[in-house]
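Participant: Let's see this in three dimensions:
(one chain, ligands or ions: 3)
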Amino acid sequence: MDFRHQISSPDALASHTCDALVLVVTGDAVDPALDAPLAAALSDALAHGDLTLKAGKSIYIHRPAGIRAARVAFVAAGGSTVKAFKAAVANGIKLVNSSGAKHVAIGLAGAGSLTDAHAEAVVTAARECTYLYRHTKPSAPAASKLDKVTLLCTKADVKAVQLGVARGHAIAAGVNLAREWANRPGNHCTPTHLADVAKKLGKEYALKVEVLDRKACEKLGMGSFLSVAQASTEPLRFIVARYDGAPKAQAPVVLVGKGITFDTGGISLKPGGEMDEMKYDMGGAASVLGTLRAIAELKPKLNLVCIIPSCENMPAGNAVKPGDVVTSMSGQTIEILNTDAEGRLILCDALTYAERFKPAVVVDVATLTGACVIALGHHHSGLFTADDKVAGQMQAASQKSLDPCWRMPLDEEYDAGLKSNFADMANIGGRPGGAITAAMFLKRFTAKYPWAHLDIAGTAWKSGAAKGATGRPVPLLTHFVLAQVG
Ligand code: BES
Ligand code: MN
Ligand code: ZN
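Facilitator: Ligands and ions are numbered 1, 2, ... in the order given. As a prediction, the model looks like this:
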């Protein structure tokens, strides 16, 4: 899909050439600046009660009189925020997507200015609602006929719009990469596949990519990661990919992604219902790869390191057992009381490995706990950090990207649950505050750098009829990383 922008004024929209015109109405009345034939059509729809100007409402008009475009969709935003604008644009694209339109032009149904955030929103919304999973369902109908999206803006807004389009493009491509890989089933998305994705990105964008195998991880003393991987016949991969956009001396941003390509729970086996969904337990890894792609494309002046510990969590005769004690790379010992709390076991060694980069900040991203889904549902990712500055940056990025996260507590009191009589810590801390005790576990491995943890168990995936991966939190992470420049 090709994205462009074009200078236009609200009183020239009726003569604009395109297959479909999607016009966002932000106010609660027809804007006097709107071109007469369009204003007439909109007024008529309002007068007949076919459209109300509330968020989520829209109308599709085919071959409207006096208008060059064969199709017009008016979509109400119910406000002038970027969030409302994005939702309206998504509605409009869905309306025209099932028509024969190939070239859609999107603009405001009246006067108003578009910022870089609006432009980013258009691109990400368009790519979001035209993505279709086909990898193991090639019979699926074509995703969309849309091949060109033009953003209509004023001359004064062109620069901002250009910037936003470029950023939106990079983020959308990253989101789609994350979605695609989290959607692929466990037998089509193994640790080896994830390593190949990283290598391919490496070739495309001249990144340094290193993939460690079991032997290399044994040498490094990653006893915790190895214990999770040990019962799978699928070889583990420890992926390290670097984007160098600044001098070597500049401390990098490090992203760590949980890459469990299937989580059965291990010997602490999960119940059968919906176990299929545990193929997205590499959603953290996928979003880190998606962010890497976005950053590599946008080329900001900073250094980024992405670390992905990846394996399957399987039960078998040689599987790690409840009660087993393993030694992590940090030297701290861990009593594994529940083999289903495996995410923290692979992340802790990756967090220790991260120390060698002397990071400016480390963010780990993981579908870590069912408890986080219970606490926050599917709208906000859980944000955990003891660092107020990092928390502020993360919240700012979350607002800018329309990819929300919510800060959760990380007080020392929550650490008590991890006490073990047989090791430095246990890998679970009981059901209450399960997302927090999981974060407290990770915190024990992050003393050497500023750190934040994102629990995306609720936000990386949609259940129900629209079942599938969301590509989150690529937008949040990309904005966070971009904000680390200078
Ligand atoms: N991958 C799961 C967490 C998860 C649950 C992600 C639901 C997405 C949706 C994780 O490895 C896990 O099994 N966590 C356990 C931890 C428990 C044993 C302390 C959980 O949440 O039940
Ligand atoms: Mn698990
Ligand atoms: Zn898991």
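
Participant: What is the neighbour count of the closest residue in space to residue 298 that isn't next to it in sequence?
Facilitator: Nearest non-adjacent residue to residue 298, counting by Cβ to Cβ, 6 or more residues apart in numbering: residue 170, 4.9 Å away. Using the backbone N, CA and C atoms, a C-beta is placed for each residue, glycine as well. For residue 170, the count of nearby residues is 25 (other Cβ atoms under 10 Å).

Participant: Verify the stated contact: residue 170 with residue 297.
Facilitator: Yes - contact criterion Cβ atoms under 8 Å: residue 170 and residue 297 qualify, at 4.2 Å.

Participant: Which residues are in contact with residue 76?
Facilitator: Counting by Cβ atoms under 8 Å, 6 or more residues apart in numbering, residue 76 makes contact with 25, 51-58, 88.

Participant: Is it bridged to anything, and to what?
Facilitator: Beta-bridge pairing of residue 76 under DSSP bridges involves residue 25.

Participant: Equivalent analysis for residue 209, please.
Facilitator: With DSSP bridges as the rule, residue 209 is bridged to residue 241.

Participant: how far away is it from residue 226?
Facilitator: 22 Å (Cβ to Cβ, to the nearest Å).

Participant: Same question for residue 202.
Facilitator: Distance from residue 202 to residue 226, by Cβ to Cβ: 25 Å.

Participant: which of the two has more neighbours?
Facilitator: Neighbour count, other Cβ under 10 Å: between residue 202 and residue 226, residue 226 has more, with 25 against 19.

Participant: Just list whatever residues bridge to the residue in the stretch 151-300 of the chain that ligand 3 sits nearest to.
Facilitator: Using Cβ to the ion, residue 263 is the residue of the stretch 151-300 of the chain that sits closest to ligand 3, at 3.7 Å. When bridges are called by DSSP bridges, residue 263 pairs up with residue 313.

Participant: my guess is residue 436 meets residue 416, correct?
Facilitator: No - contact criterion Cβ under 8 Å: residue 436 and residue 416 do not qualify, at 11.6 Å.

Participant: Looking at the two now, which is surrounded by more residues?
Facilitator: The residue with more neighbours, out of residue 436 and residue 416, is residue 436; 25 against 11, by other Cβ under 10 Å.

Participant: Spatially, and excluding backbone neighbours, which residue is closest to that one.
Facilitator: Nearest residue to residue 436 in three dimensions, chain neighbours excluded: residue 414, at 4.9 Å (Cβ to Cβ, 6+ apart).

Participant: Give me the phi and psi for the one you found.
Facilitator: Main-chain dihedrals, residue 414, degrees, to the nearest 10: phi -70, psi -10.

Participant: ranges for the strands of the stretch 301-450 of the chain?
Facilitator: 303-313, 325-327, 333-335, 361-366, 381-384, 405-407, 425-426 (DSSP state E, counting those that start in this stretch).

Participant: Can you lay out the ones you listed as a markdown table showing distance to residue 93 and mean pLDDT?
Facilitator: Converted to a markdown table, the strands of the stretch 301-450 of the chain look like this (distance: least, Cβ to Cβ, whole Å; pLDDT from 0 to 100):
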| stretch | distance to residue 93 | mean pLDDT |
| --- | --- | --- |
| strand 303-313 | 31 | 99 |
| strand 325-327 | 50 | 99 |
| strand 333-335 | 48 | 99 |
| strand 361-366 | 28 | 99 |
| strand 381-384 | 25 | 99 |
| strand 405-407 | 26 | 98 |
| strand 425-426 | 49 | 98 |
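
Participant: Out of the ones you listed, which is closest to residue 62?
Facilitator: When the strands of the stretch 301-450 of the chain are compared by Cβ to Cβ, strand 381-384 sits nearest residue 62, at 40.5 Å.

Participant: Am I right that residue 173 falls within a helix?
Facilitator: Yes - counting by DSSP: H, G, I helix; E, B strand; the rest coil, residue 173 is found in a helix.
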